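A.B. asks: With the input below, show me the fold.
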Amino acid sequence: MKTIGLLGGMSWESSSVYYRIINETIQARLGGLHSAQSLLYTVDFDPIVRLQQAGRWQEAGAMLAHAAQCLERGGAEFIVLCTNTMHAVADTITAQVGIPLLHIADPTAQAIQQRGFTTVGLLGTRFTMEQDFYIGHLQNMYGVQVIVPNEADRAVVHQIIYDELCLGVVRSESKQQYLHVIGRMIEAGAQAIILGCTEIGLLIQDNDSSVPFFDTTVLHAVAAVEYALAE
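C.D. replies: Numbers count the residues shown, from 1 in each chain. Coordinates of the predicted model:
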C-alpha cells in the first residue's frame, strides 16, 4: 500500500470527509483491521482565503507547495489536494515535489465519461466556476462540456460555501437555493451536475435532483485508495 499524502484544511470540514471515506474504502477492500497509510497536513485556511480574494494565487501556491514538500519528506508517495479551488495552483505544487499529485478533475471526468454524459453543470466557488483551470481541464483533456450558473447564481453558490459550509453550517434554505440553481442548469442542457467544491456534499445528496450528481470529494477519495493499492 502506498502512503497517501493528504493536503487538507481547505476547509477541515471536507478534509475530515476525505479521511473517513479513504479509511472506510480501504477497510472495505482489504477487510480485517486495515486502514489507510496516510499523512495529513492541514493548512490554516484563513490566510489562503485572503490570498484568494486578493488574487495572489502565486503566494497561495507557494504555501501549498511547502506543505506538499513536508508531506513528501514525511514519506508520502503521492499527493491528494483536498480541495477543488486550489487546483488552480496544482502546477505550482507539482513543480516543487518529486511525487505525483492526483488531480481531482481526472476521476471526476472519468466517472462522467463512464456514464456516457457529455454536458454537465458545475457548482463550486466562483474561482472554480469562472477560471479556466478546472473547466479547461474537463474540456481539453476529456471533451466534457461544462455549463455554469449565471452571475447572480454563482454569487449565491460561492457565498454559501464560504459563509456556511466551510464553517459546518448546513441550512435547509441554502439547500433550496442550490436546488433552484441546479434546476436552471438542467433547463440549460446539463445532463448531470458536478458538486465541484469539496463541501457541497454536506448540503446536497444523490436523491435531491432528477439528474445524477458527481461528488468530487467521494470520487477523489476513492481514486486515492485505488492509486494507493495499485501495484
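A.B. asks: Quick check: most distant residue from the centroid of this structure.
C.D. replies: residue 32 (29.3 Å; CA atoms, centre = their mean).
A.B. asks: Quick check: it vs residue 21, distance?
C.D. replies: Per CB to CB, to the nearest Å, residue 32 is found 19 Å from residue 21. (Glycine included, C-beta is placed from N, CA and C.)
A.B. asks: Let me know the pLDDT of the residue farthest from the centre of the chain.
C.D. replies: At residue 32, the model reports a pLDDT of 95.
A.B. asks: give me every residue that touches it.
C.D. replies: By CB atoms under 8 Å, 6 or more residues apart in numbering, the contact set of residue 32 is empty.
A.B. asks: Check the gap between it and residue 141 for me.
C.D. replies: In this structure, residue 32 and residue 141 are 37 Å apart, going by CB to CB.
A.B. asks: related to what we said a few turns ago, now do the SS call for the residue farthest from the centre of the chain.
C.D. replies: Three-state assignment for residue 32 (DSSP: H, G, I helix; E, B strand; the rest coil): coil.
A.B. asks: just checking, next helix/strand downstream of the host helix or strand of residue 146?
C.D. replies: For residue 146, the host element (DSSP states H and E) is strand 145-147. Where DSSP H and E defines the elements, the next helix or strand beyond strand 145-147 is helix 151-163.
A.B. asks: Run through who's touching that following helix.
C.D. replies: Contacts for helix 151-163 (CB under 8 Å, 6+ apart): 49, 123-126, 129-130, 148-149, 169, 174, 177-178, 181, 184, 197, 199-200, 203.
A.B. asks: and residue 7, what helix or strand is that in?
C.D. replies: Residue 7 belongs to strand 4-8 when assigned by DSSP H and E.
A.B. asks: So in that sheet, which strands flank that strand, and in what orientation?
C.D. replies: Listed by DSSP bridges, the sheet partners of strand 4-8 and their directions read strand 38-42 (parallel), strand 78-81 (parallel).
A.B. asks: right, and these - which one's nearest residue 97?
C.D. replies: strand 78-81 (6.7 Å; CB to CB).
A.B. asks: Send me that closest one as PDB with only the CA atoms.
C.D. replies: C-alpha atoms of strand 78-81 as PDB (Å, rounded to 0.1, in the frame of the first residue of the first chain):
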ATOM      1  CA  PHE A  78       1.600  10.900  -3.800                       C
ATOM      2  CA  ILE A  79      -0.400  14.000  -3.000                       C
ATOM      3  CA  VAL A  80      -4.200  14.400  -2.700                       C
ATOM      4  CA  LEU A  81      -5.100  18.100  -2.600                       C
END
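A.B. asks: Right, I'll call it a day here.
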